[in-house]
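**Q** what shape does this take:
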Amino acid sequence: QVQLVESGGGLVQPGGSLRLSCAASGSIFSIYAMGWYRQAPGKQLELVARMPSGGTPNYADSVKGRFAISRDNAKNTVHLQMNNLKPEDTAIYYCNASGTYYDGPRLTDFGTWGQGTQVTVSS
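**A** Model (predicted):
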């Protein structure tokens, strides 16, 4: 199986910055894509940023120009640099990864989520 562990959330004032990190571990063969989603109170889960392997990242319109996603394929990690944070960015942020892993003698697809990390933007 594959596990994701997130870090880097917290409380920040409007206009501030945070950097989220997510590390995948387990019997990973390859990761197709890694990304970040968020869920604010009373709202649906939404994509924040996603980066496929070898492809260009895509972002939610609300974070373009403020957030930047990056991956370290060798370390199976993904980061989200969040700048100029706004109160409406307050949410639980979840890391997501999809790929294949060693399932005994086979390769099996996986899609997994992290436990979530709270980001609160408030003065």
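**Q** point to the residue nearest the middle of this protein.
**A** Geometric centre of the chain, nearest residue: residue 36, 2.8 Å, by CA atoms, centre = their mean.
**Q** which residue packs closest to it, ignoring adjacent ones?
**A** With sequence-adjacent residues excluded and distances taken as CB to CB, 6 or more residues apart in numbering, residue 36 is closest to residue 48, at 4.4 Å. Glycine gets a C-beta too; all of them are placed from N, C-alpha and C.
**Q** you'd agree the residue nearest to the centre of the chain is in a strand?
**A** Yes: applying DSSP: H, G, I helix; E, B strand; the rest coil, one finds residue 36 inside a strand.
**Q** any idea what it is bridged to?
**A** Residues in a beta bridge with residue 36, per DSSP bridges, are residue 49, residue 95.
**Q** can you point out the buried residues in stretch 86-103?
**A** 89-101 (16 or more other CB atoms under 10 Å).
**Q** tell me which residue of this protein is furthest from the middle?
**A** Most peripheral residue of the chain (CA atoms, centre = their mean): residue 105, 29.5 Å.
**Q** now do the strands in the chain.
**A** Assigned by DSSP state E, the chain shows strands spanning 2-7, 10-12, 18-26, 28-39, 46-52, 58-59, 67-72, 77-82, 91-103, 106-113, 117-121.
**Q** okay, the ones you listed, which one's buried deepest?
**A** strand 77-82 (a mean of 22; mean count of other CB atoms under 10 Å).
**Q** how far away is residue 43 from residue 31?
**A** As judged by CB to CB, to the nearest Å, residue 43 and residue 31 stand 28 Å apart.
**Q** before we move on, what about residue 71?
**A** 8 Å.
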